[in-house]
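*Asks:* what follows is a predicted structure for the sequence shown.
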Amino acid sequence: MFQQIIDRRLAGKNKSIGNRERFLRRHKEQIREAVKRAVDGRGIRDMAQGEDIHIPRRDIAEPVFGHGQGGKREMVHPGNQDYVRGDRIERPKGGGGGSGGGQASDSGEGEDDFVFHLTKEEFMQVFFDDLALPNLARTTLAETPEFKTHRAGFSSDGTPNNLHVVRSMRGAIGRRIALGSEARRELAELEAELGELQASPTGGHPAEIARLQAAIEVLRARIGRIPYLDPIDLRYRSRVRVPVPTAKAVMFCLMDVSGSMDESRKDLAKRFFILLYLFLTRHYERIDIVFIRHHTQAQEVDEQNFFHSTETGGTVVSSALVLMEEIARARYPTSEWNIYGAQASDGDNWHHDSGRCRELLANNILPLCRYFAYVQVAEEEQNLWDEYSALAADAKSFAIRKVTEASQIYPVFRELFKKEGATA
């Protein structure tokens, strides 16, 4: 059976989708590095945007095959004072032709001669590839928010399948009445006058009867020229696309910023928070993000300080949970907001504080949250992991996992939020 596949994706002016995809495959490493730098420097809310990729000239050079003239040739070089017939002309030194225009400057300027812009979809594609995201889930997370169409009255433009017959005929009747009412009134008067003349004993004056009959024919012709259905009468069902109404959500990001949390562990945590944010954008129209960092004390900070500031000293995780509860009760009532919590830590905590963390979660935090996830970015299990493991066995809205490298983030994320997929 013969099948023909037609690519109907829209290409921009003077652009080829096939060439663009080949270019992306060829320079995959440079693009991946650029996306990684963007992930490190961007905020979570700005993740789903495009990116400019700078590629050095040397990396986009194409092999060129030249055709020599071949055979024996005789040439006259004007102004030649160095060679006579039979001498061999040496090649230009440096292996290049001309005046050495292909040489790069020693200052290093002009390295990034080619700038390539990644679209939002292409950027998210590369970002998800680094997280080993399956194609189906990648499409689900990266696509734009859903919209529904709602009726918005009638319009004079539209497609034939949206034509509203009753509304169109109603307008046509009104138009015909408005345009022909005066002519019909005059016609009725002339017909009545003609009837009186014809009914008179004398039969009326023939010239007057002929005049009335001519006027009647003119009026009937004028009324007959009024179209039964005019294009201006047509009315089409109008529909508008509106976002799907959803509830509001707040995402609490809790992270240990003590000295044991190095940049690589913070990067793992950031990628997990990004996935959670993208997951929530698929279900909620408005999302607030609250960043809480902690060492021995917790504080609410902006995203820059959350991911890039470091502290020294010990760790008291309960301080972050207490602050989260205070903020949630003060600013995000559960009657209006869906609360999600995500905590990232290397597991290090003051020994006597881990039990209090379990009590705070069980009694204060989880009753407020739809879901709370704890991700440990270290392999070693400490007392905080033990306390959380015991709590996770009993609480359905609480789960914990370990992540030690980027490729593990999405499988862990999917496992954490598989319970929420059908209802969130």
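*Replies:* Nice, I can see it.

*Asks:* could you pull out the strands in the protein for me?
*Replies:* 51-55, 114-118, 147-155, 236-243, 248-256, 286-294, 298-301, 337-345, 371-376, 398-402 (DSSP state E).

*Asks:* burial count for the residue nearest to Arg184 when sequence neighbours are not counted?
*Replies:* Leaving aside its chain neighbours, Arg184 sits nearest to Ile223 (6.5 Å; criterion: Cβ to Cβ, 6 or more residues apart in numbering). Glycine gets a C-beta too; all of them are placed from N, C-alpha and C. Residue neighbour count, defined by other Cβ atoms under 10 Å, stands at 15 for Ile223.

*Asks:* what does the pLDDT read for Ile223?
*Replies:* As summarised for this prediction, Ile223 has a pLDDT of 84.

*Asks:* and stretch 337-356, which residues are buried?
*Replies:* Neighbour-count burial for stretch 337-356, counted by 16 or more other Cβ atoms under 10 Å, picks out 337-350, 353-354, 356.

*Asks:* ends of it, what's the gap?
*Replies:* 26 Å (Cα to Cα, to the nearest Å).

*Asks:* and for stretch 152-165?
*Replies:* 17 Å.

*Asks:* and it, what's buried?
*Replies:* Result for stretch 152-165 [16+ other Cβ under 10 Å]: buried residues 154, 158, 164.

*Asks:* need phi/psi at the last one.
*Replies:* To tie it back to what came earlier, the one meant is His164. phi -100, psi 100 (degrees, to the nearest 10).

*Asks:* return the distance of it relative to Ser354.
*Replies:* Between His164 and Ser354 the computed distance is 67 Å (Cβ to Cβ, to the nearest Å).

*Asks:* Arg176: neighbour count?
*Replies:* 17.

*Asks:* so Leu275 sits right up against Phe413, yeah?
*Replies:* Yes - between Leu275 and Phe413 there is a contact at 4.8 Å, judged by Cβ atoms under 8 Å.

*Asks:* wait, doesn't Val242 sit right on His150?
*Replies:* Yes - between Val242 and His150 there is a contact under Cβ under 8 Å: 5.7 Å.

*Asks:* and stretch 378-387, end to end?
*Replies:* OK, stretch 378-387 end separation, Cα to Cα: 16 Å.

*Asks:* quick one on the thing from earlier: sort the buried residues of stretch 152-165 by pLDDT and name the bottom one.
*Replies:* Ranking the buried residues of stretch 152-165 by pLDDT puts Gly158 at the bottom, with 80.

*Asks:* ok, now which ones touch it?
*Replies:* Applying Cβ atoms under 8 Å, 6 or more residues apart in numbering to Gly158 gives the contacts 236-238.

*Asks:* if we use 7 Å, what do you get?
*Replies:* 236-237 (Cβ atoms under 7 Å, 6 or more residues apart in numbering).

*Asks:* any idea how far it lies from Leu234?
*Replies:* 8 Å.

*Asks:* which stretches of this protein form helices?
*Replies:* 17-26, 28-41, 120-129, 135-142, 165-199, 206-224, 263-281, 303-308, 318-331, 354-360, 383-392, 409-416 (DSSP state H).

*Asks:* not counting sequence-adjacent ones, nearest residue to Trp254?
*Replies:* That one is not Trp; residue 254 is Leu. Per Cβ to Cβ, 6+ apart, closest to Leu254 is Gln343, 4.1 Å.

*Asks:* hmm, that neighbour is touching Phe252, no?
*Replies:* No - between Gln343 and Phe252 there is no contact under Cβ atoms under 7 Å: 8.3 Å.

*Asks:* which ones are touching Lys248?
*Replies:* Here Lys248 is in contact with 284, 286, 336-338 (Cβ under 7 Å, 6+ apart).

*Asks:* least confident secondary structure element in this protein?
*Replies:* helix 135-142 (a mean of 44; mean pLDDT, DSSP states H and E).

*Asks:* select, out of the helices of the chain, the one closest to Phe65.
*Replies:* Among the helices of the chain, the nearest to Phe65 by Cβ to Cβ is helix 17-26 (19.0 Å).

*Asks:* can you report how many residues neighbour the closest residue in space to Thr159 that isn't next to it in sequence?
*Replies:* In this structure, Thr159 finds its nearest non-sequential neighbour in Tyr236, 7.1 Å apart by Cβ to Cβ, 6+ apart. Neighbours of Tyr236 under the rule other Cβ under 10 Å: 18.

*Asks:* so for Tyr236, what's the pLDDT?
*Replies:* Reported pLDDT for Tyr236: 88.

*Asks:* partners of it in the sheet?
*Replies:* Beta-bridge pairing for Tyr236 (DSSP bridges): Ser155, Leu163.

*Asks:* can you pull the contacts of it?
*Replies:* 154-155, 157-158, 162-164 are the contacts of Tyr236 under Cβ under 7 Å, 6+ apart.

*Asks:* pipe the residues you listed into a markdown table and attach distance to Ala390 per row.
*Replies:* Formatted as a markdown table, those follow (distance: Cβ to Cβ, whole Å):
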| residue | distance to Ala390 |
| --- | --- |
| Phe154 | 63 |
| Ser155 | 62 |
| Asp157 | 65 |
| Gly158 | 62 |
| Asn162 | 60 |
| Leu163 | 66 |
| His164 | 64 |
